[in-house]
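> sequence and computational prediction follow.
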Amino acid sequence: MSVQPVAAQTIILTDTTGLQAGMVEIPTGNGPIPAYSAAPAGAQKLPMVLVVQEVFGLHEHIKDVCRRLAKLGYCAVAPSLYHCQGDVTKLQSLDEIRPIVASVPDAQVMCDPDATVAWATAFGGRRPRQARHHRLLLGWPHRLAVRRP
């Protein structure tokens with residue numbers, strides 16, 4: 001058995017069988033943003049996981065993480081946190097991505113994840129307890145962690 005480097009051609013793809021999964025719109029104070037949501041089909045009041053994207057945006061790996069969590073019984077939602085500034089999934093290098101990420105205002109950094117949690121709660125997710133909510137914010141830790149009480 002050989003091992004390949006992690007690249008686009010080695011993406012793990014979790015199917016959507018038994019899931020309600022796909023792109024959704026999250027209403028925010030700055031207008032709607034796209035997000036990817038996945039949950040077991042027909043289930044209500046599921047534990048909710050906010051999946052925070054990497055610097056590369058809301059790409060297929062992040063969507064797959066949502067599907068994997070949904071297969072485990074969670075309502076998983078990943079908002080496109082740079083949507084207002086641009087679609088970084090189409091860019092090729094970190095040098096192209098960094099200016100877009102740097103232009104995201106702190107207010108947006110704080111409001112978009114909160115709006116996503118509110119949306120997920122309204123659509124069948126169970127609002128996370130605050131302590132658990134903080135531990136699940138894995139991406140963008142230097143900006144999110146220092147601003148949460």
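Yep, that arrived. Computed from a predicted structure; not experimentally measured. Residues are numbered from 1 along each chain as shown.
> tell me where this structure has helices.
Taking DSSP state H as the test, the helices found in the chain are 60-71, 94-102, 106-122, 130-135, 141-144.
> what ranges in the chain fall below the confidence cut-off?
Confidence mapping of the chain against pLDDT under 70 gives the ranges 1-11, 126-149.
> let's see that with 50 instead.
Along the chain, segments meeting pLDDT under 50 span 1-7, 130-149.
> before we move on, the earlier item: hey, which of the helices of the chain is tucked in deepest?
Looking across these with neighbours counted as mean count of other CB atoms under 10 Å, the highest average goes to helix 60-71: a mean of 19. Backbone N, C-alpha and C define where each C-beta goes, glycine included.
> returning to that earlier point: export the helices of the chain to JSON lines and tack on distance to Asp87?
Listed next are the helices of the chain as JSON lines, based on distance: least, CB to CB, whole Å:
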{"stretch": "helix 60-71", "distance to Asp87": "13"}
{"stretch": "helix 94-102", "distance to Asp87": "9"}
{"stretch": "helix 106-122", "distance to Asp87": "15"}
{"stretch": "helix 130-135", "distance to Asp87": "27"}
{"stretch": "helix 141-144", "distance to Asp87": "20"}
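> closest to Glu25 out of these?
Among these, the nearest to Glu25 by CB to CB is helix 106-122 (8.7 Å).
> circling back to that earlier point, which one of the helices of the chain lies closest to Ala21?
With CB to CB as the measure, helix 60-71 is the member of the helices of the chain nearest Ala21 (5.8 Å).
> how far does the closest one sit from its chain's centre?
9 Å (CA atoms, centre = their mean, to the nearest Å).
> other residues contacting that helix?
Where contact means CB atoms under 8 Å, 6 or more residues apart in numbering, the residues beyond helix 60-71 that reach it are 11-16, 18-19, 21, 36-40, 49, 51, 53-54, 76-78.
> sorry, back to before: so which of the helices of the chain comes closest to Gly29?
With distances scored as CB to CB, the stretch of the helices of the chain nearest to Gly29 is helix 106-122 (5.5 Å).
> helices or strands next to the closest one in the packing?
For helix 106-122, the helices and strands in contact under the criterion 3 or more CB pairs under 8 Å, 6 or more residues apart in numbering; DSSP states H and E are strand 19-26, strand 33-40, strand 46-50, strand 75-79, helix 141-144.
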